[in-house]
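In: what's the 3D shape of this:
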Amino acid sequence: MFTGILLCSCEQEAGTVYTGELDNLVSFDSPKYTQELAEEDGTQIKIKLQRAQTSGTLDVPIIFESKSDLIQMNDLVVHFADGEAVAYGVVSHPGASGLDIGIEYQATLEIDEEVVSVSPGGVSKQQVTLTKKLTWKSVGEGTFTSNDIYEDTYPVKVLSTEEDPNIYKALGLYKDGYDILIIVDKTKKTAVIPQQEIGLSLFGDDYPGTWLRADACTYDNGVITITPGSDTNYNKWLVGAAQDALGVYVSSPEILVLPQGSY
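Out: Numbering: from 1, shown residues only. Presented below is the predicted three-dimensional model:
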């Protein structure tokens with residue numbers, strides 16, 4: 001069974017720009033920007049900033065960090081024209097065809113507060129997450145045996161993609177609303193679960209959010225097994241979405257049996 005560790009986590013609420021005595025108060029409109037990209041979405045996204053004082057021009061320097069060379073911000077200054085309450089930064093990407101299936105491409109934009117003041121209660125930093133959009137269809141109902149978390153077996157609805165029938169999504173695998181993507185290689189008899197939030201807080205109420213990353217699952221005739229993790233088998237429960245987040249290894253097999261006729 002799962003055993004937890006003590007760590008720290010926090011999250012900022014969506015921001016509001018307040019008018020007040022200070023001029024040039026700015027804020028992102030939200031702490032998170034998430035988009036599934038299709039081919040028609042092009043190769044750029046626009047990140048919204050807002051300000052309270054609209055008279056005069058304002059340049060807002062942005063501190064940009066990307067976890068992938070594919071996600072870039074060429075102009076690191078967002079420009080407000082005279083009279084504008086809203087302006088946009090532009091983040092570029094290669095388009096849907098240049099993204100790998102099942103991978104979250106992430107970047108962080110942060111207002112440089114040494115130059116511009118953030119509104120009280122506003123959002124100084126925004127995390128951008130981009131994924132490749134897929135076309136999902138139902139393939140029926142399978143069963144899931146959770147030995148490590150629930151010690152129970154229960155039915156699970158499963159989808160696969162029109163683009164690739166070896167890509168599955170288990171709906172609400174651990175909690176409703178938190179679907180888990182699984183990529184199967186039937187030739188090698190392996191499966192991978194990219195790092196995803198499961199909807200539970202396995203490390204206690206003080207450390208909300210748990211992510212599952214399983215690089216070394218097995219596949220055999222419609223059965224996907226998340227095997228116990230080790231130093232050479234990275235199947236792990238994690239605190240936080242970072243690739244180097246702390247956590248603990250899966251200790252008992254988690255087993256998904258796909259619906260008949262879906263494999």
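In: and Arg51, what is it in contact with?
Out: Neighbouring residues of Arg51 by Cβ atoms under 8 Å, 6 or more residues apart in numbering: 17, 24-27, 58, 80, 84-87. To be clear about C-beta, it is placed using only N, CA and C from the backbone, and glycine gets the same treatment.
In: and with 10 Å instead?
Out: 17, 23-27, 58, 60, 78, 80, 84-87, 116, 119, 122 (Cβ atoms under 10 Å, 6 or more residues apart in numbering).
In: only whichever of these are buried, select them in PyMOL.
Out: The buried residues among the contacts of Arg51 can be selected in PyMOL (16 or more other Cβ atoms under 10 Å) with this line:
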select buried, resi 17+24+25+26+27+58+60+78+80+87+116+119+122
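In: strands - which of the contacts of Arg51 land there?
Out: 25-27, 58, 60, 78, 80, 86-87 (DSSP state E).
In: looking at those residues, which is nearest Thr210?
Out: Nearest to Thr210 out of the ones in strands among the contacts of Arg51 is Ser27 (Cβ to Cβ; 29.4 Å).
In: that closest one and Ala87 touch, don't they?
Out: No: with contacts counted by Cβ atoms under 10 Å, Ser27 stays clear of Ala87, the gap being 11.6 Å.
In: so what sits against both of these two?
Out: In contact with both Ser27 and Ala87: 48-51, using Cβ under 10 Å, 6+ apart.
In: residue contacts, the nearest residue to His93 once chain neighbours are set aside?
Out: Counting by Cβ to Cβ, 6 or more residues apart in numbering, His93 lies nearest to Ile71, which is 5.4 Å off, once chain neighbours are set aside. Ile71 sits next to 45, 64-65, 91-94, 99, 105-107, 128-130 when contact means Cβ under 10 Å, 6+ apart.
In: and the gap between Ile71 and Tyr105?
Out: Ile71 sits 5 Å away from Tyr105 when distances are taken as Cβ to Cβ, to the nearest Å.
In: find residues that contact each of the two.
Out: Counting by Cβ under 10 Å, 6+ apart, the residues touching both Ile71 and Tyr105 are 93-94, 99, 128-130.
In: can you tell me which of those residues are buried?
Out: Buried members of those, scored by 16+ other Cβ under 10 Å, are 93, 99, 128, 130.
In: nearest to Thr227 among those?
Out: Looking across these and measuring by Cβ to Cβ, the closest to Thr227 is Leu99, at 28.2 Å.
In: residues in contact with the closest residue to the closest one other than its chain neighbours?
Out: The shortest distance from Leu99 to any residue other than its chain neighbours is 4.2 Å, reached at Lys132 (Cβ to Cβ, 6+ apart). Lys132 makes contact with 36-39, 95-105, 163, according to Cβ under 10 Å, 6+ apart.
In: show me the strands in the stretch 1-150 of the chain, by range?
Out: 25-28, 32-37, 44-51, 58-66, 77-80, 86-92, 105-111, 117-118, 125-132, 136-146 (DSSP state E, counting those that start in this stretch).
In: of these, which stretch is the most buried?
Out: Highest mean neighbour count of those: strand 25-28, a mean of 24 (counted as mean count of other Cβ atoms under 10 Å).
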